[in-house]
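Novice: give me the fold of what follows.
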Amino acid sequence: MAAKYPYTVTPEKDGTFFVKFLDFPTGITEGSSAENAKAMAEEMVAGLVECYKADGMALPTASAVGELDFVEIEPG
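Specialist: Sure, this is the predicted structure:
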């Protein structure tokens, strides 16, 4: 079953959008627009998953998504 990792998107004063994942301590990124922030979130989590797997680390347990945006990760 796929894990859904939720994140928040916060508009910044400079016009960028700050992304923070609830379940990855280093899971932060930003985008120049809301759409770009979503793309950056997906790219960032893909990179984190690769690092966790390469280091033999288990992925964190995903928090409840609720109304938040999320990135879905397939097991394996």
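Novice: quick one, strands of the chain?
Specialist: Applying DSSP state E to the chain gives strands spanning 3-11, 17-21, 28-31, 69-73.
Novice: which other helices and strands does the third one contact?
Specialist: Under the contact criterion of 3 or more C-beta pairs under 8 Å, 6 or more residues apart in numbering; DSSP states H and E, the helices and strands touching strand 28-31 comprise strand 17-21, helix 34-54. Backbone N, C-alpha and C define where each C-beta goes, glycine included.
Novice: quick one on the thing from earlier: need the least confident one among the strands of the chain, by mean pLDDT.
Specialist: Summarising mean pLDDT across the strands of the chain, the least confident stretch is strand 69-73, with a mean of 91.
Novice: picking that back up, return the most buried member of the helices and strands packed on strand 28-31.
Specialist: strand 17-21 (a mean of 19; mean count of other C-beta atoms under 10 Å).
Novice: give me the residues contacting that one.
Specialist: Surrounding strand 17-21, the residues in contact under the criterion C-beta atoms under 8 Å, 6 or more residues apart in numbering are 5-12, 27-34, 36-37, 40-41, 44-45.
Novice: partners of Lys4 in the sheet?
Specialist: Lys4 forms beta bridges with Glu72, as assigned by DSSP bridges.
Novice: wait, what's in contact with it?
Specialist: Listed by C-beta under 8 Å, 6+ apart, the contact partners of Lys4 are 62, 65, 70-73.
Novice: show the buried residues in the residues you listed.
Specialist: Those of these that meet the buried threshold are 62, 70-71, 73, by 16 or more other C-beta atoms under 10 Å.
Novice: in TSV, list those along with distance to Leu22.
Specialist: Supplementary listing: those in TSV, determined by distance: C-beta to C-beta, whole Å:
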residue	distance to Leu22
Ala62	8
Phe70	10
Val71	11
Ile73	14
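Novice: measure Glu67 to Phe18 for me?
Specialist: Noted for Glu67: a distance of 18 Å to Phe18, by C-beta to C-beta, to the nearest Å.
Novice: same question, Glu42
Specialist: 16 Å.
Novice: ok, now Asp55?
Specialist: Look at Asp55 and Phe18: by C-beta to C-beta, they are 26 Å apart.
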